[in-house]
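S.K.: I would like to see how this sequence folds:
(one chain, ligands or ions: 2)
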Amino acid sequence: MDGNGRWAKAQGKSRQYGHKIGSSKVYDVFKQCVKLGCESATFFAMSSENMLRSDEETEYISLLLKSSIEEHFSDLLLNKTKFKVIGDITKLPDDIKQVIKNAEDKTKDFTDLKLYIAYNYGGQWDILNAVKSLVHKNHAITTENLNDYLSTTDDFPDLIVRTGGYKRLSNFMLWQSCYSELEFLDKLWPDISDHDIKLIFDQYLNTERNFGRIKK
Ligand code: IPE
Ligand code: MG
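M.R.: Ligands and ions are numbered 1, 2, ... in the order given. Sure, this is the predicted structure:
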């Protein structure tokens, strides 16, 4: 979800305002994805590197995370949506961690839909964590075992969409993206529309995926 800051600047508003509007789009976009047949989506809110921004900005974004979980919690339950935050949230204030934990605990057994938020997440962090867990538990370092210990637990994205105009992954799911389709939109995140998502999905559905094998 790139482009909140540039979007706000273009309106003569603060970066915080951009994040507020950007955050308010997440659940709508998720619902549109579900409507088009997607069962699992992860929204990349903050990378490990984004956390090096000012305290003012990172604290504001953490409050947006808390309030948006509170706002949509009943809908998550109603629609049997498993919710999870992936990333290192150990340094978040206790009240925010509590809201996250409560939403995760109460939705952990749902299997119909999955909504994950990546916060203080890095693909390198994810891989390192998985390897450390394997070593700690004395498990063999194999592809299958490593998959099990990633924060996504064996769930690889079919499609990764980045808004904001840059063509890079910025430390997002480096292991899991091995065969993901990649889509880069020139639009800034707060401007993304249902129509954009429909076009992206249509294009994805028309893409032949061979996973490196020869077509039969
Ligand atoms: C949102 O966009 C992504 C977050 C890290 C919250 P940015 O904050 O990166 O916005 P730009 O790229 O400065 O426009
Ligand atoms: Mg950016």
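S.K.: What is the burial count for the nearest residue to residue 188 once chain neighbours are set aside?
M.R.: In this structure, residue 188 finds its nearest non-sequential neighbour in residue 3, 3.0 Å apart by CB to CB, 6 or more residues apart in numbering. In this view, the C-beta of every residue, glycine as well, is placed from N, C-alpha and C. The number of residues packed near residue 3 is 23, by other CB atoms under 10 Å.
S.K.: now do residue 102
M.R.: Using other CB under 10 Å, residue 102 is surrounded by 14 other residues.
S.K.: would you say it is within a helix?
M.R.: Yes: applying DSSP: H, G, I helix; E, B strand; the rest coil, one finds residue 102 inside a helix.
S.K.: Could you check how far it is from residue 61?
M.R.: 20 Å (CB to CB, to the nearest Å).
S.K.: And for residue 173?
M.R.: From residue 173 over to residue 61 the distance is 20 Å, taken as CB to CB.
S.K.: quick one, which of those two is more surrounded?
M.R.: When residue 173 is set against residue 61 and neighbours are counted by other CB under 10 Å, the residue ahead is residue 173, at 25 against 22.
S.K.: Residue 48 reaches residue 120, doesn't it?
M.R.: Yes: using CB atoms under 8 Å, residue 48 makes contact with residue 120 at a distance of 5.9 Å.
S.K.: who touches both of those two?
M.R.: With contacts defined as CB atoms under 8 Å, 6 or more residues apart in numbering, the residues shared by residue 48 and residue 120 are 87-88.
S.K.: which of the two has more neighbours?
M.R.: A direct count of neighbours by other CB under 10 Å for residue 48 and residue 120 places residue 120 higher, at 22 against 19.
S.K.: what residue ranges in this protein score low on pLDDT?
M.R.: The chain contains residues with pLDDT under 70 at 216.
S.K.: Pick out the residue in it sitting closest to ligand 1.
M.R.: Residue of the chain nearest ligand 1, by CB to the nearest ligand atom: residue 5 (2.7 Å).
S.K.: give the contact list for that residue.
M.R.: Counting by CB under 8 Å, 6+ apart, residue 5 touches 15, 18-19.
S.K.: What segments of the chain are strands?
M.R.: Assignment of strands within the chain using DSSP state E yields the ranges 40-44, 81-86, 113-118, 159-162, 181-184.
S.K.: Which residues are in contact with the most centrally placed residue in the chain?
M.R.: The centre of the chain sits closest to residue 43, judged by CA atoms, centre = their mean, with a distance of 2.4 Å. Going by CB under 8 Å, 6+ apart, residue 43 touches 1, 26, 29-30, 115-118.
S.K.: okay, now residue 82: neighbour count?
M.R.: For residue 82, the neighbour count with other CB under 10 Å is 18.
S.K.: what pairs with it across the strands?
M.R.: Taking DSSP bridges as the rule, residue 82 bridges to residue 114.
S.K.: my read: it touches residue 110, true?
M.R.: Yes: using CB under 8 Å, residue 82 is in contact with residue 110, at 4.3 Å.
S.K.: and this protein, which residues reach ligand 1?
M.R.: Within the chain, the positions lying close to ligand 1 (CB under 6 Å from any ligand atom) are 1-6, 19, 22, 45-46, 50, 61, 164, 189.
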